[in-house]
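S.K.: Curious how this folds, go ahead:
(2 chains)
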Amino acid sequence: MWLKLVVSLLVLFATGKVISQARNEIIQQRIEFISEQLQSEDIDLTNVIESLNFYFDNKLNLNTANTEDLEELNLLTAVQINDLLLHRKLFGKLITIYELQSLKYWDLSIIQLVLPFVYVDDKLDNLHITFKEALKEGNFELFTRYQPTIEKKGGYAPVSDSVLNASNNYYHGSSDRYYTRFRYTYKTNISIGITAEKDAGEQFFKGAQKNGFDFYSAHVFFKGGKYLKSFAIGDYQVQIGQGINMWSSYAFGKTADIATMKRNAIPIRAYTSVDESRFMRGVAADFGYKDFSLLTFASVKKVDAKQAIADSTYDDLEFISTIDLSGLHRTNSEIAKKNGLTEYVVGTNLRYVKGPLRLGVTGVAQGYDKPYLKTETYYNQFDFRGKQNLSASFDYNYVYRNVNLFGEMSHNFFQYEGEWNGGGAMVHGAMVSLDANASIGLLYRNFGNGYQTFYNAWFSEGSNTQNEQGLYAGTKLKITKAWSLNGYIDLFKFPWLKYQIDAPTQGHEFLIQPIYKPNKIFEIYGRFRQQLRQKNSRDSDGTVTGVEDVLQRNYRLNVSYVINEFFSFKSRLEYVTINRLSNKSEKGMLFTQDLLYKPKGLPIDIALRYALFDTDSYDTRLYSFENNALYVFAVPAYYYQGNRAYVLVRYSFLRHCDLWVRYGYFLYNNRQSISSGSEGILGSKKSDLVIQLRISF
Amino acid sequence: MRLGTSYKISSKVLLVAEAEKNVDYPLRGKVGIEYAVVSNFFIRGGFATQPVEVSFGVGYQFKKYFKLDLGSCYHQTLGWSPNFSFNYQL
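M.R.: Okay, the predicted model is just below:
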C-alpha cells in the first residue's frame, strides 16, 4: 500500500508540467464560471491569479504556514486546513511531503492540486529583512501593454471640433489602450508598485488628461510584523468576514466547485489592477496582539458621478443622481462625470482567533461630500439615499472535526428625509467533508430589501446583496478513481420588485457535472445546468406587465487531452436553449477547438483557438474564457453566427523578458455592421490585438 | 413507475438515484446522498426535478429490527411536506 502511494506521488513529481497545466485549467474554469454568472465581459481577477502565481514561484512551507497562508491558496477547505494543523500539533512537523497521504481529508487529487504551491522544510523561515537583502532578493517587475482598436468604430469618426465638443457620440482620444505597471516585491512581505492605464477613446497628455494616463494607482504594502501584521498606504483592498458587509475586491460566485461558496478573507492586500472603482485609497493597518487582531482602514477617493439639476425640493442643494463605475472617460458626458463626487470610507474590524474558532465584529461608515439621490421608482425605493451609510456586522468561522460552520450577519443604517432606514443581511453556511472523497456544502442567504453596502461580494442571483433569499446545497464526490461528480442546487426568491421585473419572483438553478479522468493526460466532462428565473413578459398591453418563467438550459461537453510534452488539445461543445411563453424558443451553440503548443528547445508557447458559433439572439449568447497575456482577462460573449479565431504567442528572451502577442478576430455571417453608435463597426469583422512585454529581475 | 439504483462510495457515504414516471406528468429525476454519522444514525439530503424539490432527513436504526426515519421535502410554492416512517424488519 505505502509503496503504491509513494510511487503514485513520485509520478506526480515527475510530471510537474502536467500539474502546472492542471493549475491553469483550474483558474480558467473558475474564471469562466464566474464570468457566466456576472454576465459581463469586463472582469478583473488579478488578485486571485496573482496569489496562485505567487505561490507557484514562492512555495509555501507546510510546516510553518498558518491558517491564513493556507487559505490564501484558495484550494483547500477549512476542514483540510484544520486536518493539517491538527496533524502538526499531534505528530510534529512533517518530515516529507509524502506524509500528506496520511491526512484523513486529503486525497490524492487534492494533494495533486496543492503540490505545485507547497513544500516541506523543517527550517523556520525567519522574517528578517535587511535593506541589502531586500534589494538583492527582491523582485522587480515591469509590464507594458498596448491594445489598439483595429476596425474603426463610430466614435472615432473624424469630425470637426465643433461637432466633437457638442456631441456625446464621439471620443476625444485615440483608439489605443495603454497600460503600464511597475512593481517591486520581496516575498509576500513587501510590495511597492505603480500602475497606469489609458482606455481606448481616452485622451493622452492632452485635453482632459493633462497628467497623461487616465488612471493611476500606487501602493506601498507590508506584511509580516509581530504586532503590525500588515499595512498599506495608497491603493489597497479590504476583505472582511464572508463579504456581505465589506469586501472591496471581487470574489468567486456560484461555481461547479462547492469550495468557492465560502469566503476566506485576507484583511489587507495591495491593489494592482485597473478597475477604477472597486478599491480603497488611503491607509490601512492590521494589528495583532495574542488572540486578537484589529484592522482599521480609511479611504478617500473621487468617483465618477452625474450632477443633477436641482429641483424645487433641493433648491439650494447640489446632489448626485447617478454614480458611474465604468471608469471610462471618452466622450463629453463621460469626461464631465469624472471625479464628480468624493467618497469616504472608514472602518474597523476586530477579530478573535483561537484554534479552529474565529469571530469578528466590524463597523464601516461610508459617506459622500454631496447627497446621492437616485430617482425614485417602485423597485428601488428602499435603496440608499443621502450622504452617509453605516454598517455593522458580526462574522464567525468554526471547524469541528469534519464540519466547518461559517457565516456573517450585517445591518446597515442611513438617514433619509429625517428617518432612519436600512436593512439586515445574513449568510450561514456549512461545509462538511463526509470522507476524503465526498464533501457537501450548504448555504442559506437572506438579504433584506433595504440592505445595502457598496463594497461587498457575495454570490447572489441579483447584482447586489439585496432583496434575495436563497438556499444552496452542493456536493463534490469522487466516486471511483477515474469518475467524479460535482453538482449543486440553488433555490431563491426575490421578495420585492427588481429592475425591469414588476413583481416579486422566484426561481431555481441546478448543475450536474460528471467528470471522467482516467489518467493525468485525458479528461472529459459533461455539464448540464438549468436556470429558471421569472422576468417581465414581452407581451404587454402597456398597462400591467405580468411575469413569466424563463427557462434556460446549458449543455456542455469538454474534452482535454495532453498528447505529449509539446501538444495539448481542448475541445468543447456548448449548447443553450431558452424557453419563455412570450417568445419562440431560442437556442445557441458554440464549438471551440483549442491547441496549446510548446515547441521543443524554443522559448515559445503558442495557444490557438478556432471556434464556430450560431445563436438565435443576443439572449442565447455563450461566454467562453480565452487564453490571453498574463493578467489580461478575456471572456467574450459569442453571439449571432460566425467564427472566431485567435493566436497567442509567448516568447521568453534574455532571461528576464517575456513578450506576449495575441491576435484574434470575430467574423460574422450575414452582417453588414456590428453594434451601433459610438462602438459600432461597419463591416462583418471585429479583431483585437494585444502586445505585452514583461521585464522581471 | 420507478427505477432506482444505489452506490456506496465508502462505508459512510451512499448515493442513490431514481427515475419516476407517471403517465400524466413529465419524467422526474431524483438523486440523494446518505451519510452515516455513526453506524446507526444517518443524515440524508436529496433533490428532485419536475417539479424542483429539495429534501432533508435523518434516520435512526435501533435494536437491529427497528428503523425510524424522519424527512421533509421543500417545494418553492407549496412549502415543506414532512414525512416519517417506522420500519420493523423481521
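S.K.: Can you tell me which residues in chain B are near chain A?
M.R.: With C-beta under 8 Å from any C-beta of the partner chain as the criterion, chain B comes near chain A at residues B:7, B:9-10, B:12-13, B:15, B:31, B:33, B:35, B:45, B:47, B:49, B:52, B:54, B:74, B:76-77. Glycine gets a C-beta too; all of them are placed from N, C-alpha and C.
S.K.: Now intersect the residues you listed with the strands, please.
M.R.: Taking DSSP state E as the definition of strands, the residues of chain B next to chain A contribute B:Y7, B:V13, B:L15, B:V31, B:I33, B:Y35, B:G45, B:F47, B:V54, B:Y74.
S.K.: I figured the last one was touching B:V54, is that so?
M.R.: Pointing back at B:Y74 there. Yes - judged on C-beta atoms under 8 Å, B:Y74 makes contact with B:V54 at a distance of 5.2 Å.
S.K.: Now the common contact residues for the two.
M.R.: Common neighbours of B:Y74 and B:V54, using C-beta atoms under 8 Å, 6 or more residues apart in numbering or on different chains, are A:L471, A:L491.
S.K.: higher neighbour count, those two?
M.R.: Taking neighbours as other C-beta atoms under 10 Å in any protein chain shown, B:Y74 and B:V54 compare with B:V54 leading, 20 against 15.
S.K.: Just the local confidence number for the more buried one, please.
M.R.: pLDDT, B:V54: 93.
S.K.: now swap in A:S684 and tell me
M.R.: Looking at A:S684, the pLDDT reads 92.
S.K.: for it, what are its contacts?
M.R.: A:G642, A:L667, A:Y668, A:N669, A:N670, A:R671, A:Q672, A:I674 are the contacts of A:S684 under C-beta under 8 Å, 6+ apart.
S.K.: what's the closest of the residues you listed to chain B?
M.R.: A:G642 (34.4 Å; C-beta to the nearest C-beta).
S.K.: If we ignore the residues flanking it in sequence, what's nearest the closest one?
M.R.: Nearest residue to A:G642 in three dimensions, chain neighbours excluded: A:Y668, at 4.0 Å (C-beta to C-beta, 6 or more residues apart in numbering or on different chains).
S.K.: Also A:T180?
M.R.: A:T144 (4.8 Å).
S.K.: min pLDDT across the contacts of A:S684, which one?
M.R.: Least confident of these in the model: A:N670, at 85.
S.K.: Who does the closest residue to that one other than its chain neighbours form a beta bridge with?
M.R.: Leaving out its chain neighbours, the residue that sits closest to A:N670 by C-beta to C-beta, 6+ apart is A:Q641, at 6.7 Å. Note on A:Q641: beta-bridge partners A:D614, judged by DSSP bridges.
S.K.: A:Q641 reaches A:D616, doesn't it?
M.R.: No - look at A:Q641 against A:D616 with C-beta under 8 Å: they stay out of range, at 9.4 Å.
S.K.: So for these two, which sits in the more crowded spot?
M.R.: A:D616 (19 against 16).
S.K.: If I look at that one, what pLDDT would I see?
M.R.: A:D616 is assigned 95 on the pLDDT scale.
S.K.: Run through the residues that contact the nearest residue to it once chain neighbours are set aside.
M.R.: Of all residues not flanking A:D616 in the chain, A:E586 sits nearest, at 4.1 Å (C-beta to C-beta, 6+ apart). For A:E586, the contacting residues are A:T577, A:I578, A:T615, A:D616, A:S617, A:D619, A:T620, by C-beta under 8 Å, 6+ apart.
S.K.: mind checking the backbone torsions on A:I110?
M.R.: Dihedral pair for A:I110: phi -70, psi -40, per degrees, to the nearest 10.
S.K.: Would you mind measuring from it to chain B?
M.R.: Noted for A:I110: a distance of 16 Å to chain B, by C-beta to the nearest C-beta, to the nearest Å.
S.K.: which SS class is the residue lying closest to that residue once chain neighbours are set aside?
M.R.: Closest residue to A:I110 apart from its sequence neighbours, by C-beta to C-beta, 6+ apart: A:Q80 at 6.6 Å. Three-state call for A:Q80 (DSSP: H, G, I helix; E, B strand; the rest coil): helix.
S.K.: How much space separates the residue nearest to A:G642 from A:L648?
M.R.: 22 Å (C-beta to C-beta, to the nearest Å).
S.K.: number of nearby residues for residue 73?
M.R.: No chain specified, so I'll use chain A. For A:L73, the count of nearby residues is 19 (other C-beta under 10 Å).
S.K.: Hmm, no, I was thinking of chain B.
M.R.: Using other C-beta under 10 Å, B:C73 is surrounded by 18 other residues.
S.K.: what's the offset of stretch A:272-282 from the middle of its chain?
M.R.: 14 Å (C-alpha atoms, centre = their mean, to the nearest Å).
S.K.: which other residues reach it?
M.R.: Residues outside stretch A:272-282 that contact it (C-beta under 8 Å, 6+ apart): A:44, A:46-47, A:50, A:179, A:181, A:183, A:191, A:193, A:195, A:197, A:215, A:217, A:219, A:233-238, A:248-250, A:271, A:297-301, A:303-304, A:325-327, A:345, A:455, A:631.
S.K.: swap in stretch B:15-34?
M.R.: By C-beta under 8 Å, 6+ apart, stretch B:15-34 touches A:438, A:440, A:475, A:477, A:479, A:487, B:1-9, B:13-14, B:42-50, B:55, B:59.
S.K.: before we move on, the earlier item: which among the residues of chain B next to chain A end up buried?
M.R.: Neighbour counting with 16 or more other C-beta atoms under 10 Å in any protein chain shown marks B:9, B:12-13, B:15, B:31, B:33, B:35, B:45, B:47, B:49, B:52, B:54, B:76 as buried within the residues of chain B next to chain A.
S.K.: Tell me which two in the residues you listed are the farthest apart.
M.R.: B:K12 and B:Q76 (31.0 Å; C-beta to C-beta).
S.K.: follow-up on the earlier one: out of the contacts of A:E586, which sit inside strands?
M.R.: A:T577, A:I578, A:T615.
S.K.: Can you lay out these as a markdown table showing distance to A:H656 and neighbour count?
M.R.: Listed next are the ones in strands among the contacts of A:E586 as a markdown table, based on distance: C-beta to C-beta, whole Å; neighbours: other C-beta atoms under 10 Å in any protein chain shown:
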| residue | distance to A:H656 | neighbour count |
| --- | --- | --- |
| A:T577 | 50 | 17 |
| A:I578 | 50 | 21 |
| A:T615 | 44 | 23 |
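S.K.: A:N449: which of those is nearest?
M.R.: A:I578 (28.5 Å).
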